[in-house]
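1. missing the sequence, but the structure's below:
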């Protein structure tokens, strides 16, 4: 998937060095034989304990003590063949007997073992955590031990979590959910219980009003607050908790760091309109600065990076233009560093199928086995309706257009052991003109139909780019029927795909809120004046909006690489369903003239919201050599965000005299090559060297970088050095040298 790099030796040395640190962090003991032996010992202990307790319970004379509370007749141990019947006939007696036996003998035994194990484990974890080690580190300029203290809390920290990783609590709801007041409908074990108990009520409460982008009538969900909002997602599935624990090791606590969680469903502009989020974030940073006398470190994860970028542009913009009114020097005065972990700076292609057809890669892959069950209970139509009300997904659509995403320098088209080739459109000029967009790499490839069109024009309208101009239909039905249509072209470029999503509005038409608060036209955004009322539509887009002035600010782009990540899609069309919906649409258009002729194309529930679409990801497309699996084409990244989005802008900002970084902010890229492993001490996660999108928050290298930046401990020597493990620079060179590609073309 990823080309062999000329830096292989350096990468191996780096991985070895990180492994040395990892072996002493968070209770991870790297030698595989130790892990294997540990898991075998635990399994053997469980088996032996269960067998021993069972035999002891049946044969020991202590069972006679149970006779005082129940009428207990011991089994005939001379004829073991009767034991099954004996247990079946004495179920109630054994239940009572076992409860008494368990509470008296087994539970105290397990408690003693657990307490002993936890005491040892916690002591070992504290000693081996990166934060603990950095606190005890002591070096002088000559590298000798004992001359100075190690890392200790210095810069206050404000944490901005990412998409879906923080809890949402119910503050007002409809009758079906009023009993869940102040309980989490998202981000807790109760989330699954409430969903399964009443799927439709749960969806209704998780949805936003499609026209306002904010609360539906009589429903209020708000973000959980404090560290508990995003330290763990569900139960012990950690998100920020490992970082928080390591920061505590060097002296941080609630007085020097804050988790600024938010309602991740909202479009960024509406986060301020409804909740005053950016105003509160501004005041939080100012308060930390005033109380500590130190500039603040802003740390974000995933979509949180895009939220921070929006904030940095909002805070320096005058209030009369919709900004925070902090002035052009606000960032320079209050912010020391921006730690951008796994940031979605240029968006994520996976937002496209979520909005287009209510699909995710994992769901498409399950279709052959589990898809039917999932579709019956919470199908694509329901997911699509829900997700199209979330403005945040529109803010995470790919940015920069075909100049960034259409060159395809990062797309592998031949995955062999000898070489990896990239499919890049020819840079040749045709009659003095640049190549057309049809020669760019598509974001969506449509399958089925003949070579000229997807479905028959006689049975189904195919003009998808121009919306139906029938405001009467939209007002009466609440959705736009252009969502049914399929283009005559078999390929959609990034620009064409985004044009469809923004014009169609998920079937809600031009009244959907999100397309009105975001813009996917980076070139237009770059040309907009800061005083323009439309400039705020581009504050989340680093292609369209340069970094604000802050010459002493440092930006650290830290992310994982080496994992297959969604990049483009193959879709199939159900032409029969398309024709049926097209016929329905034709009848409804005629209804404007003849109201009595309207057929009932949908049931009552469907008529209130956009119906299903006649297309979905074609999970039958599988070509391992082309890195296409279940209809999804993969490139390098962190399994959620492609490499281009993670690292391209960070590299462009770091270039001398960059027009996108006019004040010369120092930007450092720190890639973490994924090395995953399954550990008994942290089941279900990727291990201490994982580069996976969420697991990277527990990566020992990331934790070390983070602690050093926040404390200022040996930052210049250990952190302020670029580490690029991927083929990012080669990919960028290909993009930037192409006459249709690169940042300059994206803003023209």
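-> Structure's in. What do you need? Quantities reported herein were computed from a predicted structural model and do not represent experimental measurements. Numbers count the residues shown, from 1 in each chain.

2. in this protein, where's the longest strand?
-> strand 563-573 (DSSP state E).

3. residue 282 and residue 326 touch, don't they?
-> Yes. Using CB atoms under 8 Å, residue 282 makes contact with residue 326 at a distance of 6.4 Å. (Glycine included, C-beta is placed from N, CA and C.)

4. give me the common contacts of those two.
-> Common neighbours of residue 282 and residue 326, counting by CB atoms under 8 Å, 6 or more residues apart in numbering, are residue 315.

5. returning to that earlier point: list the buried ones in the longest strand of the chain?
-> By 16 or more other CB atoms under 10 Å, the buried positions in strand 563-573 come out as 563, 564, 565, 566, 567, 568, 569, 570, 571, 572, 573.

6. got JSON lines for these, with distance to residue 748 and pLDDT too?
-> Listed next are the buried residues of strand 563-573 as JSON lines, based on distance: CB to CB, whole Å; pLDDT from 0 to 100:
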{"residue": "563", "distance to residue 748": "33", "pLDDT": "96"}
{"residue": "564", "distance to residue 748": "32", "pLDDT": "95"}
{"residue": "565", "distance to residue 748": "28", "pLDDT": "96"}
{"residue": "566", "distance to residue 748": "28", "pLDDT": "96"}
{"residue": "567", "distance to residue 748": "24", "pLDDT": "96"}
{"residue": "568", "distance to residue 748": "24", "pLDDT": "96"}
{"residue": "569", "distance to residue 748": "27", "pLDDT": "95"}
{"residue": "570", "distance to residue 748": "30", "pLDDT": "93"}
{"residue": "571", "distance to residue 748": "30", "pLDDT": "92"}
{"residue": "572", "distance to residue 748": "35", "pLDDT": "89"}
{"residue": "573", "distance to residue 748": "34", "pLDDT": "85"}
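
7. and those residues, which two are the farthest apart?
-> Farthest apart among these by CB to CB are 563 and 573. That separation is 30.6 Å.

8. quick one: contacts for the residue nearest to residue 337 when sequence neighbours are not counted?
-> Distances taken as CB to CB, 6 or more residues apart in numbering put residue 554 closest to residue 337, at 4.4 Å, once the chain neighbours are dropped. Contact analysis of residue 554 by CB under 8 Å, 6+ apart lists 336, 337, 338, 665, 666, 667, 668, 709, 720.

9. which among those end up buried?
-> Among the contacts of residue 554, those classed as buried by 16+ other CB under 10 Å are 336, 337, 338, 665, 667, 668, 709.

10. name the helices or strands packed onto the helix or strand that the last one is a member of?
-> Using DSSP states H and E, the secondary-structure element containing residue 709 is helix 700-711. Using 3 or more CB pairs under 8 Å, 6 or more residues apart in numbering; DSSP states H and E as the contact definition, the elements that helix 700-711 packs against are helix 8-22, helix 130-136, helix 241-249, strand 296-301, strand 335-341, strand 554-561, strand 666-673, helix 715-718.

11. pull out the buried positions in the fourth one.
-> Looking back up the chat, that one is strand 296-301. Of the residues in strand 296-301, 296, 297, 298, 299, 300, 301 count as buried by neighbour count, 16+ other CB under 10 Å.

12. could I get these as TSV with distance to residue 307 and pLDDT?
-> TSV is the format used below for the buried residues of strand 296-301 (distance: CB to CB, whole Å; pLDDT from 0 to 100):
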residue	distance to residue 307	pLDDT
296	16	98
297	16	98
298	10	98
299	12	98
300	7	98
301	10	97
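
13. which of those residues sits closest to residue 737?
-> Comparing the buried residues of strand 296-301 against residue 737 with CB to CB places residue 300 closest, at 31.6 Å.

14. can you pull the buried residues of stretch 235-246?
-> 238, 239, 240, 241, 242, 243, 244, 245, 246.

15. what's the pLDDT at the first one?
-> To tie it back to what came earlier, the one meant is residue 238. The model reports residue 238 with a pLDDT of 94.

16. output the below-cut-off pLDDT ranges for the stretch 401-550 of the chain.
-> For the stretch 401-550 of the chain, the stretches with pLDDT under 70 are 413-438, 448-489.

17. what does the chain give?
-> For the chain, the stretches flagged by pLDDT under 70 are 1-124, 138-148, 361-375, 413-438, 448-489, 581-608.

18. ok so, going back, for the buried residues of strand 296-301, which one is nearest residue 514?
-> Among the buried residues of strand 296-301, residue 300 lies closest to residue 514 (CB to CB), at 21.4 Å.

19. once you drop chain neighbours, what's closest to the closest one?
-> residue 160 (4.1 Å).

20. OK, contacts around the one you found?
-> Here residue 160 is in contact with 260, 262, 281, 298, 299, 300, 301, 304, 305, 307, 308 (CB under 8 Å, 6+ apart).

21. ok, so of the residues you listed, who is nearest residue 382?
-> Nearest to residue 382 out of the contacts of residue 160 is residue 262 (CB to CB; 25.0 Å).

22. quick check, the closest one in a strand?
-> No. Counting by DSSP: H, G, I helix; E, B strand; the rest coil, one finds residue 262 to be coil, located in no strand.

23. that one and residue 166 touch, don't they?
-> Yes. Using CB under 8 Å, residue 262 makes contact with residue 166 at a distance of 7.4 Å.

24. more crowded one of the two?
-> Neighbours were counted for residue 262 and for residue 166 using other CB atoms under 10 Å; residue 166 has more, 28 against 24.

25. does the more buried one touch residue 226 like I think?
-> No. Between residue 166 and residue 226 there is no contact under CB under 8 Å: 10.4 Å.

26. shared neighbours of those two, which are they?
-> residue 261.

27. would you list the contacts of residue 160 in a markdown table and tack on distance to residue 675?
-> Listed next are the contacts of residue 160 as a markdown table, based on distance: CB to CB, whole Å:
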| residue | distance to residue 675 |
| --- | --- |
| 260 | 31 |
| 262 | 32 |
| 281 | 35 |
| 298 | 28 |
| 299 | 23 |
| 300 | 24 |
| 301 | 20 |
| 304 | 25 |
| 305 | 23 |
| 307 | 29 |
| 308 | 28 |
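
28. from those, which is closest to residue 152?
-> Lowest distance from residue 152 to the contacts of residue 160 (CB to CB) belongs to residue 299, with 17.8 Å.

29. may I have the beta-bridge partners of the closest one?
-> residue 159, residue 339 (DSSP bridges).

30. measure the residue nearest to residue 337 to residue 715 for me?
-> Computed as CB to CB, to the nearest Å, the residue 554 to residue 715 distance reads 9 Å.

31. sweet, I'm off.
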